[in-house]
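K.L.:
Okay, structure incoming, though there's no sequence with it:
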């Protein structure tokens with residue numbers, strides 16, 4: 001039977017529960033254990049599809065088409081495993097399932113209540129993942145902070161779950177903040193004490209406390225936390241600020257977190273083999289050369305909106321031995337003619353998105369990259385903007401545009417063939433993994449080194465096949481497509497690197513296995529800088 005680790009958060013949000021779960025998963029996997037992860041999000045949205053990136057950050061897409069919380073990206077990158085849509089469950093999904101069953105008479109006329117019906121549904125999701133994944137350890141993160149009213153059903157469910165499986169099969173980890181008060185020049189444990197007290201008031205006693213802090217956690221502080229929170233001193237795990245998030249697994253290994261987890265779950269496993277991970281962190285710290293890549297978007301004030309893209313750039317940079325400085329560029333600034341902010345960039349990337357706001361700025365970024373021979377990488381909407389720009393300014397298709405933004409004389413971007421032609425939030429999307437045939441003698445083929453790849457999608461529009469011949473005659477070639485003719489990749493023939501993809505390659509990049517297209521983009525940047 002699987003073992004279960006439940007991770008909760010206290011004091012404040014954004015402490016890094018996701019990184020904690022991902023790092024622990026890395027350590028357990030390095031010991032030869034099979035690990036799977038489940039993230040519970042207490043909000044009432046069914047999934048983050050319609051949520052603003054300003055509030056939620058990016059929408060991460062799984063192989064099977066799940067639109068999920070961005071923490072699943074951390075899990076996949078650290079643990080290097082593909083998760084499924086079952087790895088992210090919201091309150092909305094829970095209540096939708098219960099109410100659908102109730103309307104069909106599934107409860108035989110009984111009164112539907114939070115306890116036991118909601119809590120049972122939550123527990124069923126945990127059991128379901130354990131059964132489908134056949135993992136040795138299931139890591140379960142409870143989103144939000146202890147004390148949030150919307151999180152109470154989840155906390156009650158995991159309290160019950162421990163009663164169901166017993167103490168040797170379940171473990172509670174609480175992630176809290178130990179703030180540094182500058183005026184007193186001290187680290188303060190009182191917020192953590194109160195957070196644990198809140199958790200204990202609903203019947204959960206943490207077995208391990210992970211303490212986030214800016215400063216070093218002294219032995220005295222750890223002893224104090226242990227005493228007042230009723231945990232062993234060795235189970236108070238420091239989690240200080242580090243230069244790179246990829247250092248966290250090594251910090252946890254040094255503190256013995258994986259040893260404690262194995263001991264409390266009565267598991268035996270070989271010593272952790274962290275050779276590859278130590279080499280990764282060592283290379284991150286040894287980078288001396290730097291390149292600057294501009295990410296042009298409309299949510300750049302919240303970098304988490306493009307988290308996987310930024311991480312993929314860093315993975316590729318590390319693979320090529322360079323540090324990547326990401327420069328966040330507001331697309332609407334380019335619409336106002338502020339093109340000088342593009343001048344000192346080594347590369348330009350326009351990521352995916354929806355909606356008309358900022359599109360003309362993204363088109364200007366593609367034009368600048370084309371005309372100045374700056375390596376350009378367009379992803380989804382970034383690819384569409386590049387096609388629109390090329391159609392207008394090279395293929396002489398005046399007023400070319402996309403059906404997404406309304407009527408235009410030349411809709412070079414249109415609905416994916418076979419998709420219902422519905423705009424707006426209610427329109428369906430092509431989500432998940434699809435095959436793409438890579439055409440010979442292209443940048444893409446040189447990167448992939450294979451004729452067929454499978455990539456993750458989250459899109460509704462692509463290049464209108466009625467204009468492919470016209471674009472090709474002007475110098476924009478199709479470098480990848482599906483068997484039924486959906487354009488997946490476009491490239492410019494007379495440009496050192498100008499590539500646009502309909503799919504999202506950032507979702508498959510790993511720190512130890514960067515995505516081939518990002519590596520190709522980075523190599524083009526280095527070639528240009530050397531010249």
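P.N.:
On my side now, so go ahead. Computed from a predicted model, the values in this text were never measured in an experiment. Numbers count the residues shown, from 1 in each chain.
K.L.:
Quick one: low-confidence residue ranges for the stretch 301-450 of the chain.
P.N.:
424-426 (pLDDT under 70).
K.L.:
Run through the helices of it in chain order.
P.N.:
All helices of the stretch 301-450 of the chain, identified by DSSP state H, counting those that start in this stretch, fall at 307-319, 331-335, 359-371, 381-393, 443-448.
K.L.:
Please name every helix or strand in contact with the last one.
P.N.:
Secondary-structure packing of helix 443-448 (3 or more C-beta pairs under 8 Å, 6 or more residues apart in numbering; DSSP states H and E): strand 430-438, strand 476-481, strand 487-492, helix 516-530. Every C-beta, even on glycine, is put in place using the N, C-alpha and C of the backbone.
K.L.:
Mind doing that once more with 6 Å?
P.N.:
On a contact count with 3 or more C-beta pairs under 6 Å, 6 or more residues apart in numbering; DSSP states H and E, helix 443-448 meets strand 430-438, helix 516-530.
K.L.:
Who are the contact partners of residue 331?
P.N.:
Shown in contact with residue 331 (C-beta atoms under 6 Å, 6 or more residues apart in numbering): 296-298, 358, 361-362.
K.L.:
I meant to write residue 479 there.
P.N.:
Neighbour list for residue 479: 439, 442, 444, 489, 491 [criterion: C-beta under 6 Å, 6+ apart].
K.L.:
mind listing what the first one touches?
P.N.:
Contact partners of residue 439, counting by C-beta under 6 Å, 6+ apart, are residue 479.
K.L.:
In TSV: the helices of the stretch 301-450 of the chain, plus distance to residue 461.
P.N.:
Shown next, in TSV, are those (distance: least, C-beta to C-beta, whole Å):
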stretch	distance to residue 461
helix 307-319	19
helix 331-335	18
helix 359-371	12
helix 381-393	6
helix 443-448	20
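K.L.:
Residue 140: which of the contacts of residue 331 is nearest?
P.N.:
Taking C-beta to C-beta as the measure, residue 140 sits nearest to residue 297 out of the contacts of residue 331, at 32.2 Å.
K.L.:
what's near enough to touch that closest one?
P.N.:
With C-beta under 6 Å, 6+ apart, residue 297 has these contacts: 306, 331, 351.
K.L.:
and it, backbone torsions?
P.N.:
phi -150, psi -180 (degrees, to the nearest 10).
K.L.:
beta partners of it?
P.N.:
Beta-bridge partners for residue 297, by DSSP bridges, are residue 330.
K.L.:
Okay, the closest residue to residue 53 other than its chain neighbours and residue 514: tell me how far apart.
P.N.:
Once flanking residues are discounted, residue 53 sits nearest to residue 305: 3.7 Å by C-beta to C-beta, 6 or more residues apart in numbering. Counting by C-beta to C-beta, to the nearest Å, the gap between residue 305 and residue 514 amounts to 21 Å.
K.L.:
and if you look at residue 220?
P.N.:
Residue 220 is 43 Å from residue 514, where distance means C-beta to C-beta.
K.L.:
between the two, who's got more neighbours?
P.N.:
Using other C-beta atoms under 10 Å, the more surrounded residue of residue 220 and residue 514 is residue 514, with 23 against 10.
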